[in-house]
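J.: Need the 3D shape of this:
(chains A, B and C)
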Amino acid sequence: MGHSPIVTITTDFGLEDHFVGTMKGVILNINPAAQCVDICHRVSSYDVLDGALTLAMSYRFFPPGSIHLVVVDPGVGSSRRPIAARSRQYRFVAPDNGVLSFIFDREEDIEVRHVTAAQYFLQPLSNTFHGRDIFAPVAAWVSKGIGMDQLGSLITDYVRITPPRPKRIEEGLLAGTVLKVDKFGNLITNLSPVDLPELSSGSASPFHIAIHGHKVTRLYSSYSMGQPSELFAIWGSSGYLEVCRNLGSAADALQASQGSEVNVAIG
Amino acid sequence: MGHSPIVTITTDFGLEDHFVGTMKGVILNINPAAQCVDICHRVSSYDVLDGALTLAMSYRFFPPGSIHLVVVDPGVGSSRRPIAARSRQYRFVAPDNGVLSFIFDREEDIEVRHVTAAQYFLQPLSNTFHGRDIFAPVAAWVSKGIGMDQLGSLITDYVRITPPRPKRIEEGLLAGTVLKVDKFGNLITNLSPVDLPELSSGSASPFHIAIHGHKVTRLYSSYSMGQPSELFAIWGSSGYLEVCRNLGSAADALQASQGSEVNVAIG
Amino acid sequence: MGHSPIVTITTDFGLEDHFVGTMKGVILNINPAAQCVDICHRVSSYDVLDGALTLAMSYRFFPPGSIHLVVVDPGVGSSRRPIAARSRQYRFVAPDNGVLSFIFDREEDIEVRHVTAAQYFLQPLSNTFHGRDIFAPVAAWVSKGIGMDQLGSLITDYVRITPPRPKRIEEGLLAGTVLKVDKFGNLITNLSPVDLPELSSGSASPFHIAIHGHKVTRLYSSYSMGQPSELFAIWGSSGYLEVCRNLGSAADALQASQGSEVNVAIG
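T.: Numbering: from 1, shown residues only, chains lettered A, B, ... in the order given. Sure, this is the predicted structure:
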């Protein structure tokens, strides 16, 4: 294309410190033509599933050819492997801890390698900041055009995690959980249209959602349909069922958070 | 110029989630040459006036030709219109809720359109994330050079909001309000030099400002003129009168916040 | 190289306001080819030492030729001087308050100038936002290629600050302090390998660290060596001794913060 190769960055490093800036310095030092784009740096600390969800909700909106660098790395300095993956449209660099699990599920023809080519790491190599010393430089070299096969051998035993799955308690009763609370206090559940076909068709069945002692009985198609202080459900831009308030925080109203139980009864 | 077209982004999306990163992915996917620059993503949630103020304080410092994308959108999914505006030097993409009000006041020869050209939207179109599905792609297409007239028809009934105006209670007594508290705890009021000519000339008249039971009687020209723990007023870089402390937070000292009353007595 | 000149930005402006975005607008307005990269904007308010540490931990990872712009400026509007510095590989623009102290210590052949060339400032010049009106435009002009000698005269009496140094209380007993707490709650002390040669060799001597009534007796080489809830020391990526927990916050566990005492007894 002649355009700058894009390296997206997703971490749990926060913005209080120099960490993310330093990783960008490393990338630009190796490939001055790279274009770094932040997806999010406020993944919950050490929370691999939260990192995996964040990446999953965003990566497909980037141009084909983008390199997605993800550093949520509770095992830094241990024997967990650095990996690089290639799908038809994207490449990924991350620790082998499951943070790419949704990518493995959704992308076809994915190829995963254990990154062992230490000539692409910074030296001296710390045991505490592989974002700087391993993942950023490897992503930069990939953006510069080195072949994935130069990074290390293909592997198939990479780590996959599965988000908590809703459980069918009995006919018409489904037990789910809150995966994530967004900035507006919307509660993103683990319930997808496949789990709740009754609520995803044009004419939804009667239902109620029990969460923290409250009942939610309305499914709306936009936030603005909600009355002041009303709690309702919505199929969110995340692809999951969300429990929401219009112009307010459902999380605050319900004192709910990541991990809160969400029971859905149909009919 | 041959330089990358700049798309500035101002939202209330925060940095906790993937939202802003995803918008950048959408923009770069449509126009890989675009250069995204964050103005601020911590506009108060749903606060159109705060978004309007944030944009107003920043937009003119960007190069002519820049596209300003603003998504503070409490009406997402309702019938509120997406709009695009053009002034002599800039273009703007935003929801039609007043978030461009200061632009309408300050820019001459402004032309506003109701964006209806759905071929520039992402498909499928969500009802909950128009930042991703409408505003980002429209801004990207504008940065790529499509004409404003391709977006939709000219309108003149776009929404304008007016910030709370100071009231003259009696001769020499003016009632204002705190519009915004900045990161340092400076209280930005709605009082401008036009409202207080007595304080904006070289030799200021005696005055006092009553706020939350305290009196402020000094007008300084820089923060560093303040003594430790002293409260004083200053004509801030915002263009408004600010109540400040040197190396400390006036908001904390006064327990004041957005909406706090500020009464100014002259003489 | 033909690549965009990099301007890194480090401030205490936070991300709540338009400040950083506006500085980028100013830079791009002067030099549309510049590439702005954030190092960190959450330096503690007015904390020159914190700004100096943040820059010190990051600047060398950027490509030679990068311009480092630092605005932690408690003296804005006073007579403190704006300065520009050049080392062999980098250029720096900052207030003359010590925020470049680590640069002065570490870089050879450094040349420092008092920036007086007002033609490179924005007009009108505020007394309250020199990040926008002086430092950003000067950095932009430097990125555009003006000579350092056009900015002002060489000076040698620039301000240097020294971080609190550890004190040797008696043979084998060293009193240090916490310089900074990072996002993960790691306590970065002011103890470097030079201060503690006993702990920096391959086989460390027995030791204990007393901090807030607790004793830390283990030195690990990676976070992942720590047991759940165990407190330990590590030589961090900062180059300093850090007190840490694996997957948890040492700061929370110890109720420690910037300035907390850290006493190390050897043997």
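J.: alpha carbons only for contacts and neighbour counts from here, please
T.: Fine.
J.: And the strands in the stretch 151-267 of chain A, which stretches?
T.: Shown for the stretch 151-267 of chain A, the strands assigned by DSSP state E, counting those that start in this stretch span residues A:167-170, A:173-181, A:187-189, A:207-211, A:214-216, A:219-220, A:231-235, A:241-245, A:261-266.
J.: Could you export these as TSV, including mean neighbour count and mean pLDDT?
T.: Below are the strands of the stretch 151-267 of chain A laid out as TSV (neighbours: other Cα atoms under 10 Å in any protein chain shown; pLDDT from 0 to 100):
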stretch	mean neighbour count	mean pLDDT
strand A:167-170	12	94
strand A:173-181	21	96
strand A:187-189	28	97
strand A:207-211	20	95
strand A:214-216	15	95
strand A:219-220	20	94
strand A:231-235	24	96
strand A:241-245	27	96
strand A:261-266	20	95
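J.: between the ones you listed, which gets nearest to chain C?
T.: Comparison of the strands of the stretch 151-267 of chain A against chain C by Cα to the nearest Cα identifies strand A:173-181 as nearest, at 19.6 Å.
J.: any idea how far A:Asp96 is from A:Pro82?
T.: Counting by Cα to Cα, to the nearest Å, the separation of A:Asp96 from A:Pro82 is 6 Å.
J.: Near chain C, which residues of the stretch 1-150 of chain A are found?
T.: Counting by Cα under 8 Å from any Cα of the partner chain, the residues of the stretch 1-150 of chain A close to chain C are A:13-26, A:28-29, A:32-33, A:45-46, A:74-78, A:126-129.
J.: Pull out the buried residues from the residues you listed.
T.: Using 16 or more other Cα atoms under 10 Å in any protein chain shown as the burial test, the residues of the stretch 1-150 of chain A next to chain C include A:13-26, A:28-29, A:32-33, A:45-46, A:74-77, A:126-129 as buried.
J.: Those residues in helices, which ones?
T.: Among those, the residues falling in helices (DSSP state H) are A:19-26, A:28-29.
J.: Report the contact partners of the closest residue to chain B within the stretch 151-267 of chain A.
T.: With Cα to the nearest Cα, the shortest gap between the stretch 151-267 of chain A and chain B falls at A:Ser222, namely 5.1 Å. Contact partners of A:Ser222, counting by Cα atoms under 8 Å, 6 or more residues apart in numbering or on different chains, are A:234, B:76-78, B:127-128.
J.: swap in A:Gly21?
T.: Taking Cα under 8 Å, 6+ apart, we find A:Gly21 in contact with C:37-40, C:58.
J.: can you tell me which of those residues lies nearest to chain A?
T.: Nearest to chain A among these, with distances taken as Cα to the nearest Cα, is C:Ile39, at 4.0 Å.
J.: Spit out the contact partners of that closest one.
T.: Going by Cα under 8 Å, 6+ apart, C:Ile39 touches A:18-22, C:8-10, C:55, C:58.
J.: you'd agree it is in a helix?
T.: No. Assessed with DSSP: H, G, I helix; E, B strand; the rest coil, C:Ile39 is strand; it does not lie in a helix.
J.: for the worst-scoring helix or strand of chain A on mean pLDDT, which positions count as buried?
T.: Least confident helix or strand of chain A, by mean pLDDT, DSSP states H and E, is helix A:197-200 with a mean of 86. Neighbour counts over helix A:197-200 (16+ other Cα under 10 Å) mark A:198-200 as buried.
J.: residues in contact with that helix?
T.: Residues from elsewhere that reach helix A:197-200 (Cα under 8 Å, 6+ apart): A:193, A:204-205, A:219, A:266.
J.: between the residues you listed, which is closest to A:Gln227?
T.: A:Leu219 (12.6 Å; Cα to Cα).
J.: rewinding a little: need the strands of the stretch 151-267 of chain A in a markdown table (columns: distance to chain C).
T.: What follows is the strands of the stretch 151-267 of chain A, written out as a markdown table (distance: least, Cα to the nearest Cα, whole Å):
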| stretch | distance to chain C |
| --- | --- |
| strand A:167-170 | 30 |
| strand A:173-181 | 20 |
| strand A:187-189 | 24 |
| strand A:207-211 | 29 |
| strand A:214-216 | 33 |
| strand A:219-220 | 32 |
| strand A:231-235 | 29 |
| strand A:241-245 | 24 |
| strand A:261-266 | 25 |
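J.: closest to C:Lys180 out of those?
T.: Short answer: strand A:173-181, nearest of the strands of the stretch 151-267 of chain A by Cα to Cα, at 29.4 Å.
J.: Using CSV, list the CA coordinates for that closest one.
T.: Extracted C-alpha coordinates of strand A:173-181, given in CSV (Å, rounded to 0.1, in the frame of the first residue of the first chain):
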residue,chain,number,x,y,z
LEU,A,173,-33.6,-20.8,32.9
LEU,A,174,-30.1,-19.7,32.1
ALA,A,175,-27.4,-18.7,34.5
GLY,A,176,-24.9,-16.3,33.2
THR,A,177,-22.3,-13.8,34.5
VAL,A,178,-21.1,-10.3,34.0
LEU,A,179,-17.9,-10.4,31.9
LYS,A,180,-17.1,-6.7,32.1
VAL,A,181,-18.4,-3.3,33.1
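J.: what packs against that strand?
T.: Strand A:173-181 sits against strand A:167-170, strand A:187-189, strand A:261-266, with contacts defined as 3 or more Cα pairs under 8 Å, 6 or more residues apart in numbering or on different chains; DSSP states H and E.
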